[in-house]
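> Next come a sequence and a model predicted from it.
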Amino acid sequence: MNLPNLLTLLRIFFVPLLVAALVQEDLRFALYGFTLTNEILALAIFLAAAATDLLDGYLARRWKQVTTVGTLLDPIADKLLISAALIALVQVHVMDAWMAILLIGREFAVSGLRAIAASEGYTIRASELGKSKMIMQVAAVSLLLLSMHWKHLTPIALVFLWGAVLFSLASAVDYARKFWRGIDEKVKLRRRRELLRLDRRRKREAALLARSSRTTAD
């Protein structure tokens, strides 16, 4: 197993650690004169996991180590990380449940569309809206974690959270548009091939019938 895939697996390993650190109440210990609380520890784990997301893709492309396993695991690890962070934030009453449901639902809906499209031989590539959505989500989760300790950051965190919601909806619409356009073209092409195949079969049958009729007449 190469290093990019190991980083992807490490991101999955960070998920339970993030949840455990975030939902643990009154976790405090001193480290070199700095008091480390559970929300700061959760933020450190989250940012470390997000950094592996950037690093594994970069290394895989640079070292030409893009594998099927990595291609499958990378989006799963991303969704596990974001979903776990959002659910934990709802659990500690930092964000509204409906926002988490909307963001998580969007992730799985888009994954479903991409999987269906891939089964039809059509690849829906990540869009700029999708990348912007991911950046907004990471920023929103990070600021929400910080706002648990520094309350004055709450308004800024909410601005980024609403930005993540808007980018999620916009990118979902963009993926749905690409999906229907790509699948529609595939269906039309398949139907056209079936009609051409049927037309050729009818012509062959007609030619055979005509030849048989001429033979009988002779």
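Right, received. Where do you want to start? Quick caveat: nothing in here was measured; it's all calculated off a predicted structure. Residues are numbered from 1 along each chain as shown.

> Show me what the helix or strand hosting Ser171 is packed up against.
Here Ser171 sits within helix 154-217, counting by DSSP states H and E. Counting contacts by 3 or more Cβ pairs under 8 Å, 6 or more residues apart in numbering; DSSP states H and E, helix 154-217 packs against helix 97-119, helix 128-147. Every residue, glycine included, has its C-beta placed from N, CA and C.

> Pick the most buried one from those helices.
Each of the helices and strands packed on helix 154-217 was given a mean neighbour count from mean count of other Cβ atoms under 10 Å, and the largest, a mean of 20, is that of helix 128-147.

> Just the mean pLDDT for it, thanks.
Across helix 128-147, pLDDT averages out at 89.

> and what of stretch 79-99?
91.

> Tell me how far that stretch lies from the chain's centre.
How far stretch 79-99 lies from its chain's middle: 16 Å, per Cα atoms, centre = their mean, to the nearest Å.

> Return the set of buried residues in that stretch.
Going by neighbour count (16 or more other Cβ atoms under 10 Å), the buried part of stretch 79-99 is 80-90, 92, 94-95, 99.

> of all the helices and strands packed on helix 154-217, which lies closest to Asp199?
Closest of the helices and strands packed on helix 154-217 to Asp199 is helix 97-119, at 27.8 Å (criterion: Cβ to Cβ).

> So what touches the closest one?
Here helix 97-119 makes contact (Cβ atoms under 8 Å, 6 or more residues apart in numbering) with 75, 79, 82-83, 86-87, 89-90, 123-124, 130, 137, 161, 164-165, 168-169, 171-172, 175-176, 179, 182-183.

> could you check the angle helix 154-217 makes with that helix?
Counting by axes from the mean of the first three to the mean of the last three Cα atoms, to 10 degrees, helix 97-119 lies at 30 degrees to helix 154-217.

> and the angle from helix 97-119 to helix 128-147?
Angle between the axes of helix 97-119 and helix 128-147 is 150 degrees (criterion: the same axes, to 10 degrees).

> Just the CA atoms of helix 97-119, as PDB, please.
Extracted in PDB, the C-alpha atoms of helix 97-119 (Å, rounded to 0.1, in the frame of the first residue of the first chain):
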ATOM      1  CA  ALA A  97     -29.800  19.600  13.200                       C
ATOM      2  CA  TRP A  98     -31.600  20.600   9.900                       C
ATOM      3  CA  MET A  99     -28.400  22.100   8.500                       C
ATOM      4  CA  ALA A 100     -26.400  18.900   9.300                       C
ATOM      5  CA  ILE A 101     -29.200  16.800   7.700                       C
ATOM      6  CA  LEU A 102     -29.100  19.000   4.600                       C
ATOM      7  CA  LEU A 103     -25.300  18.900   4.300                       C
ATOM      8  CA  ILE A 104     -25.000  15.200   4.900                       C
ATOM      9  CA  GLY A 105     -28.000  14.400   2.700                       C
ATOM     10  CA  ARG A 106     -26.400  16.400  -0.100                       C
ATOM     11  CA  GLU A 107     -23.200  14.400   0.200                       C
ATOM     12  CA  PHE A 108     -24.900  11.000  -0.100                       C
ATOM     13  CA  ALA A 109     -27.200  12.200  -2.900                       C
ATOM     14  CA  VAL A 110     -24.300  13.400  -5.000                       C
ATOM     15  CA  SER A 111     -22.400  10.200  -4.300                       C
ATOM     16  CA  GLY A 112     -25.400   8.200  -5.500                       C
ATOM     17  CA  LEU A 113     -25.700  10.200  -8.700                       C
ATOM     18  CA  ARG A 114     -22.000   9.800  -9.400                       C
ATOM     19  CA  ALA A 115     -22.200   6.000  -8.700                       C
ATOM     20  CA  ILE A 116     -25.200   5.600 -11.100                       C
ATOM     21  CA  ALA A 117     -23.500   7.700 -13.800                       C
ATOM     22  CA  ALA A 118     -20.300   5.600 -13.400                       C
ATOM     23  CA  SER A 119     -22.300   2.400 -13.800                       C
END
